[in-house]
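**Student:** I would like to see how this sequence folds:
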Amino acid sequence: MSAIESDGGTPGFELPILPVPGLFCEGPPVRGIFLSHAHPDHAGLIQHTLPSIPVYSTRLSFKMIMAASIFANLPGVDKERERPMEPGMAVNLGPFQVTSFPVDHSVPGACAFVIEAVGKRIFYTGDLRFHGRKPGMRHAIMEASRSRCFDLVITEGTCLSRSPTEETLSEQELEEKGVAMVSERTGLVVANFSPLNLDRLVSFLRISKRTGRTFVIDAYGAYVLMLAGSEGIRVPDPCRSKATRILIPEGFWVSRSGKTIGAHRSRMESNSIGLSEITNHPERFLALWRPSMLERLFGGSLPKGTLCLRSLWKGYLETHEERRLAATFEAGGVEQRHLHASGHAGREGLVAFLKELDARSVLVVHTERPGALGREFGNLILADDGSPITI
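**Tutor:** As a prediction, this is how the structure comes out:
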C-alpha cells in the first residue's frame with residue numbers, strides 16, 4: 001500500500017493526536033506530506049508526525065513557517081525534512097505524481113495540488129481566495145483542468161460557515177477604505193494583523209504612502225518582507241526603504257527571537273525608529289501593532305486619540321481578552337474600527353470556480369457545513385471521519 005498526506009494542522013485548541021498508522025505512529029509508510037501553506041491550521045501537526053516522512057511545499061512556505069516559529073513560537077519543520085517544490089513541476093513518489101500551483105491566500109507561498117495516481121486525478125485547493133492582489137493565479141489551474149477532467153476536487157469551504165450578509169472586501173477595496181479612514185485622522189494610526197499576511201502588509205504600506213505617513217513595522221514584519229524579497233517577490237527592503245521604519249523594543253536582541261535573527265541586526269537598526277519619535281509626532285505614522293505590544297511598548301495604553309484598525313476576522317475579536325482590550329481602549333480614548341479582507345473564497349466566487357473546474361465529484365473540507373453546496377452540485381460527496389472514499 002502507498003500513501004501520501006496533504007496538510008496536517010491544528011484547530012487552534014488542544015486535541016489528542018489520533019494514532020493514524022504510518023503518520024503519527026508506526027504503520028504502512030507514508031511517502032510524503034504535501035503542505036499547502038504555512039498557517040498552523042494546516043501545518044501545526046507536522047511536528048507530531050514521524051520524522052522520517054519528508055515534507056513537500058514551496059520554499060516560501062517553509063520560510064514563513066520558520067518566521068512564525070521564531071517570532072510567534074509556532075511549530076517549525078526540521079530542515080532535513082524539507083523538500084521544496086517548484087510551481088508547475090511534478091514530484092513523483094511511487095504511484096503518485098503531485099504538482100503544485102500557486103494560489104492567492106493570506107500568506108505568501110500558498111499552493112494547491114494536483115494529485116495523479118492509478119489513472120485518477122484529484123485537485124486539492126488548500127486555502128484560497130479570488131479577491132486578493134494575485135487574481136491571475138487561477139488561470140494556470142484552469143489550464144491544468146482543461147487538459148483532463150478531475151475525478152475529484154477537495155475544496156476548502158471556510159466561508160460557507162459564515163453569515164451570507166458578512167461583508168467580503170477585496171484587498172483593493174480594503175486599501176481604498178483604509179485611505180479614507182486614515183486621511184481623516186490627526187493622531188497615531190495602528191493596524192492589527194498578522195505579519196505573515198504579506199498582502200495586508202502591502203495594503204497598509206500603500207495606505208501609508210497615500211496618506212503621507214511612514215509605515216512602522218516591527219522586527220517580525222521586517223523579517224517577513226526580507227524573506228519574501230529573497231524569493232523574488234517585489235516588496236520594499238524594510239532596512240533601506242524610506243517608506244518604512246522598524247520599531248525594535250529595548251532588549252529585543254537578547255531575546256530568543258532577536259538572537260535567532262541577530263545576523264540582521266545592523267541592517268535593521270540602520271532604519272529603526274524609537275517610540276518617542278512616534279509619540280512626539282503621531283500624525284506622521286501608521287504602525288503595525290499587536291495586543292502583545294500594548295504593555296511591552298506602550299505601558300498598557302495607546303496614546304489618546306489613536307485609531308486602531310483591526311484587520312482580522314471578526315470571530316477572533318469576540319473573546320474575553322478582546323472585550324477587556326476594548327474596555328481599555330474606550331477608557332483611554334482609543335477608537336477601534338474593523339477593516340478586513342478575508343483570506344478565503346466567498347461562496348459566490350467558490351461556486352463559480354468549482355463550476356469552471358467541472359470535476360466529476362466535489363468534497364468540501366475546512367468547514368462546519370460540508371453539505372452547504374448540495375443544491376449547486378449534485379455530485380457532492382459527504383465524507384465520514386475514518387471512512388475511505390473511492391473515486
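**Student:** Phi first, then psi, for S311.
**Tutor:** Here is the backbone geometry of S311 (degrees, to the nearest 10): phi -100, psi 60.
**Student:** From E184, how far off is it?
**Tutor:** S311 sits 18 Å away from E184, going by CB to CB, to the nearest Å. C-betas here are computed from N, CA, C, even on glycine.
**Student:** go on, K79?
**Tutor:** For K79, the distance to E184 (CB to CB) stands at 48 Å.
**Student:** how many neighbours does S6 have?
**Tutor:** A total of 20 residues lie near S6 under the criterion other CB atoms under 10 Å.
**Student:** Next one: the nearest residue to it once chain neighbours are set aside from H366, what distance?
**Tutor:** Leaving out its chain neighbours, the residue that sits closest to S6 by CB to CB, 6 or more residues apart in numbering is F34, at 4.9 Å. Applying CB to CB, the value for F34 to H366 is 15 Å.
**Student:** Looking at these two, which one has more neighbours?
**Tutor:** F34 (26 against 21).
**Student:** how about the more buried one, what does it touch?
**Tutor:** F34 makes contact with I4, E5, S6, D7, Y56, S57, V98, S100, F113, I115, according to CB atoms under 8 Å, 6 or more residues apart in numbering.
**Student:** Residues in a beta bridge with F123, which ones?
**Tutor:** For F123, the beta-bridge partners are V114, V153 (DSSP bridges).
**Student:** In contact with it: list those residues for me.
**Tutor:** 112-115, 141, 144-145, 150, 152-154, 357, 359.
**Student:** Swap in 7 Å and give it another go.
**Tutor:** Neighbouring residues of F123 by CB atoms under 7 Å, 6 or more residues apart in numbering: A112, V114, F150, V153, L357, A359.
**Student:** do A243 as well
**Tutor:** Taking CB under 7 Å, 6+ apart as the test, what A243 contacts is L205, S208, K209, T214, F215, P236.
**Student:** 6 Å instead?
**Tutor:** Residues in contact with A243 (CB atoms under 6 Å, 6 or more residues apart in numbering) are K209.
**Student:** now do H105
**Tutor:** Contacts of H105 (CB under 6 Å, 6+ apart): H37, D127, L128, G343.
**Student:** Would you mind measuring from it to V365?
**Tutor:** H105 is 15 Å from V365, by CB to CB.
**Student:** returning to that earlier point: of the contacts of F34, which is the nearest to M293?
**Tutor:** Of all these, M293 sits closest to S57, with 30.1 Å by CB to CB.
**Student:** For burial, what's the neighbour tally of I391?
**Tutor:** By other CB under 10 Å, 13 other residues sit near I391.
**Student:** That one contacts D151, doesn't it?
**Tutor:** Yes - shown here, I391 and D151 form a contact pair, counting by CB atoms under 6 Å, at 4.8 Å.
**Student:** Ignoring the adjacent residues along the chain, who's closest to S100?
**Tutor:** Closest to S100 by CB to CB, 6+ apart is C111, at 4.2 Å.
**Student:** Then S145?
**Tutor:** Per CB to CB, 6+ apart, closest to S145 is L357, 5.1 Å.
**Student:** Mind splitting this structure into its structural domains?
**Tutor:** According to automatic domain parsing, the chain comprises the domains 3-162+343-381, 171-338.
**Student:** Can you tell me the closest non-neighbouring residue to E322?
**Tutor:** Once flanking residues are discounted, E322 sits nearest to Y316: 7.4 Å by CB to CB, 6+ apart.
**Student:** can you give me the helices for this protein?
**Tutor:** Ranges of helices in the chain, per DSSP state H, are 40-43, 59-71, 138-147, 171-183, 198-210, 219-230, 256-260, 265-269, 275-280, 293-298, 320-332, 347-357.
**Student:** and these, which one is worst for confidence?
**Tutor:** Lowest mean pLDDT within the helices of the chain: helix 138-147, at a mean of 80.
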